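Enquirer: let's see this in three dimensions:
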Amino acid sequence: IYFPIDHDMLRKVVKILQKYQYHISMHTTNGKYIFEDKDKYYDDHIRMIVNDRGDEFLKKTNAAFFRKDGFLRATTQINDVQEIFDANVEALKLDCKCEDETLARKAMEELRAIDHVILTSSYERYVEVTSDKSHKGKLLQSIVEQYGFTPDEIAVFGDSDNDIQMLELFPNSYAPSNAK
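Expert: From the prediction side, this is the model:
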């Protein structure tokens, strides 16, 4: 089940994110797309993790998300968002990090002005961007309908901004006391 981001919306969002120096990952129907050299992109990703969580964090994990081979798997470098449209690829979600809190706040102000965008964030310099047609709640709602369940037969759990729509759609919704 895919809920792609509208092309015009995606152009506006990417323009703003680039203006404010965001590190952008576009998750698509054909892997991940980035706007910079793959090696630089990976090195920046690791540097930002170390700055946010410390280098001890990286030593404790061997998850694919932190290894170069795993992180760059199915990643394509592009120069312009038009390239994904020309390849008939649909953007589903953008994961974006900014190293400067002031720039991040300015970007968020501009992004909030775009209609039909959902912005979720676990901290100030990070934002996930999706279409308002695409969120965990809609996906789970589709699966529930596909299998013939009703919303009251489902229990959902969430602890972050990107869970809000899901929690609102299902009556048996739960969040831990430390939820953001």
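Enquirer: contact partners for Phe3?
Expert: 92, 130-131, 133-134, 138-139 (CB atoms under 8 Å, 6 or more residues apart in numbering). Where C-beta positions appear, they are placed from N, C-alpha and C, glycine not excepted.
Enquirer: show me those that map onto helices.
Expert: Those of the contacts of Phe3 mapping onto helices are 138-139, per DSSP state H.
Enquirer: with respect to pLDDT, which of the contacts of Phe3 ranks lowest?
Expert: When those are sorted by pLDDT, the bottom entry is Ser134 at 68.
Enquirer: related to what we said a few turns ago, can you pick the most crowded of the contacts of Phe3?
Expert: Of all the contacts of Phe3, the highest neighbour tally under other CB atoms under 10 Å goes to Thr130, namely 24 neighbours.
Enquirer: who is that one paired with across the strands?
Expert: Thr130 has these beta-bridge partners by DSSP bridges: Ile118.
Enquirer: what's the closest of the contacts of Phe3 to Leu169?
Expert: Leu169 lies nearest to Lys138 out of the contacts of Phe3, by CB to CB, at 7.9 Å.
Enquirer: contacting residues around that closest one?
Expert: 3, 165, 169.
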